[in-house]
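> Please work out how this folds:
(one chain, ligands or ions: 1)
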Amino acid sequence: MTTILDTRAPAADRPRHPEKANRPDAPLLRKPDWLRVKAPGSAGYLETRNIVREHGLTTVCEEAGCPNIGECWQKRHATMMIMGDTCTRACAFCNVRTGLPLPLDANEPRRVGDAVAKLGLEHVVITSVDRDDLADGGAGHFAAVIQAIRAACPATTIEVLTPDFLRKDGALEQVVGARPDVFNHNLETVPSLYLTIRPGARYFHSLRLLQRVKELDRTMFTKSGIMLGLGEERNEVLQLMDDLRTAEVDFLTIGQYLQPSRKHAAVARFVPPDEFGSYARIASAKGFLLVSSSPLTRSSHHAGEDFAKLKAARQAVTASERATRS
Ligand code: SF4
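Model prediction:
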């Protein structure tokens, strides 16, 4: 995720990125016009913000400083970030606070369910910080949140964007067992950049996680996303697409990395919109049911509309397979 709209200033007594404080400064590149967005402030945005505050919720939209917050919150589409605002990893691209998180809040699932009902969401995205400190990585809490949303608003479809549950046996099975409609886990970048950009994670573990979801439930949609502009080579991106197709991932999102601060990984380059278009065409040809690829694409951006497109694409494939057999 990215920051160009940081609505969450760190408390003076609680620095946001203590693990990054001693890193040398990375230069901040001037953003091209295609990445500029309007500052948020519409009535819908303010209403969404009030509901989020009233229910004591954390959103990735704010924590990550997402550039799309004005557009999404105007439509009441906020992505809830459960299990606190503090992450046990320290990825070089991410603006979420790092440190030792607080214990889980047993009331959070109910509050999330209530907020989803109040926002009137047809489709909701639930994500979380990494909780390596918990025995199950927070899988049980994810399942409880899914159940609470089902109870509060049975018609709402649910998408989870999960951590990798590295070394948490049985965690993935618990989340899949709660039957979200879409299971998303972002690869974030190509394997050659993992040590510098996503040092606490393992590329092949993340890939295997996505593949395992399909083994557990073939009907569940799977989704993954990457950022461009971190220094990846084109061939590495194409290989990553093949890897995701081998894992039978349905939906790929590709967006531009934006640098949250001088202490975060530098932007290697701003990828022009037509290059995003080229990647979209290649990914579609490789067999993804759906591809979203543009500078401002984020994994939860337009998630509701994209879920409808995913279902339609699967129906079209099934119909064509039936026609070929008959
Ligand atoms: S793109 Fe996702 S993270 Fe960004 S504002 Fe929209 S819902 Fe929130």
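> Let me see the residues that make contact with the helix or strand bottoming out on mean pLDDT in the chain.
The weakest-scoring helix or strand in the chain, judged by mean pLDDT, DSSP states H and E, is strand 97-98 (a mean of 90). The contact list for strand 97-98 (CB atoms under 8 Å, 6 or more residues apart in numbering) reads 10, 14, 16-20, 63, 85-90. Using the backbone N, CA and C atoms, a C-beta is placed for each residue, glycine as well.
> Kindly supply the PyMOL command isolating those of those that are buried.
Buried residues within these, by 16 or more other CB atoms under 10 Å, are selected in PyMOL with:
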select buried, resi 16+17+20+63+85+86+87+88+89+90
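> of the contacts of strand 97-98, closest to the ligand?
Glu63 (8.9 Å; CB to the nearest ligand atom).
> Leaving out chain neighbours, which residue sits closest to that closest one?
Of all residues not flanking Glu63 in the chain, Val96 sits nearest, at 5.0 Å (CB to CB, 6 or more residues apart in numbering).
> Name all residues that make contact with that neighbour.
By CB under 8 Å, 6+ apart, the residues touching Val96 are Met1, Val60, Glu63, Ala64, Met81, Asp85, Thr86, Cys87, Val129.
> What is the burial count for the second one?
Think Val60. Applying other CB atoms under 10 Å, we find 27 residues neighbouring Val60.
> Got the confidence number for the residue nearest to Glu63?
As predicted, Val96 sits at a pLDDT of 92.
> for the one 10 residues further on, same thing?
For Ala106, the model assigns a pLDDT of 97.
> Quick check: which ranges of this protein have low pLDDT?
For the chain, the stretches with pLDDT under 70 are 1-15.
> interface residues of it facing the ligand?
Counting by CB under 6 Å from any ligand atom, the residues of the chain lying close to the ligand are Val60, Cys61, Cys66, Asn68, Ile69, Cys72, His77, Thr79, Arg298, Ser300, His301.
> Show me the contact partners of the host helix or strand of the second one.
Going back to what we said before, that points to Cys61. Using DSSP states H and E, Cys61 maps to helix 60-63. If you take CB under 8 Å, 6+ apart as the criterion, helix 60-63 is touched by 1, 7-8, 52, 66, 68-69, 72-73, 78-81, 85, 95-97, 127, 300.
> export it as PDB, just CAs?
Output of helix 60-63 as PDB, limited to C-alpha atoms (Å, rounded to 0.1, in the frame of the first residue of the first chain):
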ATOM      1  CA  VAL A  60      -6.300   0.100   5.900                       C
ATOM      2  CA  CYS A  61      -7.500   3.000   3.900                       C
ATOM      3  CA  GLU A  62      -6.200   5.400   6.600                       C
ATOM      4  CA  GLU A  63      -3.400   3.400   8.000                       C
END
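> coming back round to it: out of the contacts of Val96, what pair is the most spread apart?
The largest separation in those, counting by CB to CB, is between Met1 and Thr86 at 15.4 Å.
> which stretches of this structure form helices?
Using DSSP state H, the helices of the chain run over 43-54, 60-63, 69-74, 108-119, 139-152, 171-177, 194-197, 203-216, 234-246, 273-285, 303-325.
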